[in-house]
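>>> predicted model and sequence below, questions to follow.
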Amino acid sequence: MSLKKELSIVFILLLTALVVVLWVMNAFFLEKFYLKGKEEKLTEVYEVLKEEYEAGNVGSEDFNNTMQHLCNTNNMDFVISDSESNTIYTTINNASPMLRELRDMLFGRRRPGERIILEEDNYTISYMTDHFTDSEFITIWGSLDEENFFMVRTPVEGVRESVRVSNRFLLYVGVAALVLGAIVVWVASKKITDPIKELGEISKGVSSLDFEKRYKGGGTLEIEELGANINIMSEKLEQTISDLKSANLELKKDVEERNRADERRSEFIANVSHELKTPIALIQGYAEGLKEGVIDDSESRDYYCDVIMDEASKMDILVKRLILLNQVESGAGAMVMERFELNEMIKGGIASFEVMLRDAGIKVDYEPGDDVFVWGDVYQVEEVFRNYLSNAIHYCNDRKTISVRIETKDMKAKVLVFNYGDPVPDEILPRLWEKFYKADRSRSREYGGSGLGLSIVKAIMEAMNGGYGVNNYDDGVEFWFELEMR
């Protein structure tokens, strides 16, 4: 069965059940409810009558107006009599039937069909039939004092007629509502189910890898949202399949890249072996010379020992740099991002090279300005700066001057380290950041360079998402790195 038919049947059944329940409630309980209201209203009229009587207002104009209004509004008849059945006050022209009924009640003569509902000290509420008119009434009667009595009644037939009219009206309205509801739900369900059928066709096409169809809108808000999501899903699936096809084409490139990675790994091992081979050979040779006693004087022995210690120190630096580089690249040493003052870090870095600068006769031109606070791992940033300053010292020319400065722009701070000297050839600039690459191997060997300093800079700055680079000038080279100020 289609969703449209199911919705229509469920709605019609619910509406039918609602009409039936309302009709049953109306037929069996409305009359009782209405009569209960009449009983309460009779009690209210009695309370007003008692209050007016005790105040001595019976017969006054205000009393007449009040009682006439109550009786007319609630369709009631009202009479007050004395012990001789003489009329003291009434709201009807002929009160004789009511007076006879009141006298019979007072003397305990019950009428056929009479049914007492409530009996109190001063009044009684009962159902009774007027045999002159053959009409049934709800009546409240009793005494106002020892000499005066009262009766108020309201017809029941009007209530029953109202209930019958109400039942017929409810039946007609219910049938009309069923017919109209069936038409409305059929149209509404069609408006709901047509977009769903359209979505079904689109999903069927997607299952066959046909992504051309798109949901064009319509239906409820939820269905429109579902349609929009299916359109997005279709687009993403199409894009995913396109990406997979592209990935398949890239597989060969990945295999080639893996082969190149193996080659780089082999090259790395060869570079490490090469870097360690010379100091190991020197240490081994000079150590054997000392052991075999090829020298006798203390000055030569000191020279041999100095060579061994120097080469061991170079090996120690190389191993430490390799460990640092590996930690940064693998993420083993997580960056501790904190806010620190950049001028203080630079001053500390320059101070650590004080002896080397004095021995080389080099002056560092640096003028601290206002405080510049940046975000980064202060120890790793200092390592970057020390690498730049170390390079500048070793490649500085006869002008013996290094310039350090800070530039701030767009909430970023850039540290620049410039040394006078020969510019780096443009063709080797991109290779400066490679592991073990040395632009001038002879000079690197002279001061113990391993070719790892700038590759460590690259790894640290990329781990912190910071910028770095090198600028060539006619009279020198400038290295820089950049950090966020917020």
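Now that the structure is in, tell me what you want to look at.
>>> next structured bit after the helix or strand of the chain with the lowest mean pLDDT?
One helix or strand of the chain scores below all others by mean pLDDT, DSSP states H and E: helix 441-447, with a mean of 46. Next along the chain after helix 441-447, taking DSSP states H and E as the criterion, comes helix 453-463.
>>> for that next one, enumerate the helices and strands it packs against.
helix 298-330, helix 378-395, strand 467-473, strand 476-484 (3 or more CB pairs under 8 Å, 6 or more residues apart in numbering; DSSP states H and E). From N, CA and C alone the C-beta is placed, and that goes for glycine too.
>>> roughly how far out does that helix sit from the chain middle?
Helix 453-463 sits 38 Å away from the centroid of its parent chain (CA atoms, centre = their mean, to the nearest Å).
>>> next one: Leu178 from Ile280, what distance?
Note on Leu178: its distance to Ile280, by CB to CB, to the nearest Å, is 101 Å.
>>> still on that earlier bit, could you export the helices and strands packed on helix 453-463 as a markdown table, including mean neighbour count, mean pLDDT and distance to Asn72?
As requested, the helices and strands packed on helix 453-463 are exported to a markdown table (neighbours: other CB atoms under 10 Å; pLDDT from 0 to 100; distance: least, CB to CB, whole Å):
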| stretch | mean neighbour count | mean pLDDT | distance to Asn72 |
| --- | --- | --- | --- |
| helix 298-330 | 15 | 69 | 100 |
| helix 378-395 | 21 | 90 | 97 |
| strand 467-473 | 15 | 93 | 96 |
| strand 476-484 | 20 | 94 | 89 |
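>>> Asp121: which of the ones you listed is closest?
Asp121 lies closest, by CB to CB, to one member of the helices and strands packed on helix 453-463: strand 476-484, at 94.1 Å.
>>> how much does that closest one deviate in direction from helix 378-395?
Here strand 476-484 points in a direction 170 degrees away from that of helix 378-395 (axes from the mean of the first three to the mean of the last three CA atoms, to 10 degrees).
>>> quick one: strands adjacent to strand 476-484?
Here strand 476-484 has these sheet partners by DSSP bridges: strand 412-420 (antiparallel), strand 467-473 (antiparallel).
>>> need the contact partners of the longest one.
Read it as strand 412-420. With CB atoms under 8 Å, 6 or more residues apart in numbering as the test, strand 412-420 has contacts from 342, 346, 372, 374, 385, 388-389, 391-393, 395-397, 399, 401-408, 467, 473, 475-485.
>>> pull out the buried residues from stretch 410-419.
Ala413, Lys414, Val415, Leu416, Val417, Phe418, Asn419 (16 or more other CB atoms under 10 Å).
>>> how close does the third one sit to Leu226?
Read it as Val415. Distance from Val415 to Leu226, by CB to CB: 54 Å.
>>> and the fourth one, by the same measure?
From Leu416 across to Leu226, the span is 57 Å (CB to CB).
>>> rounded mean pLDDT for stretch 115-126, please.
Stretch 115-126 comes out with an average pLDDT of 84.
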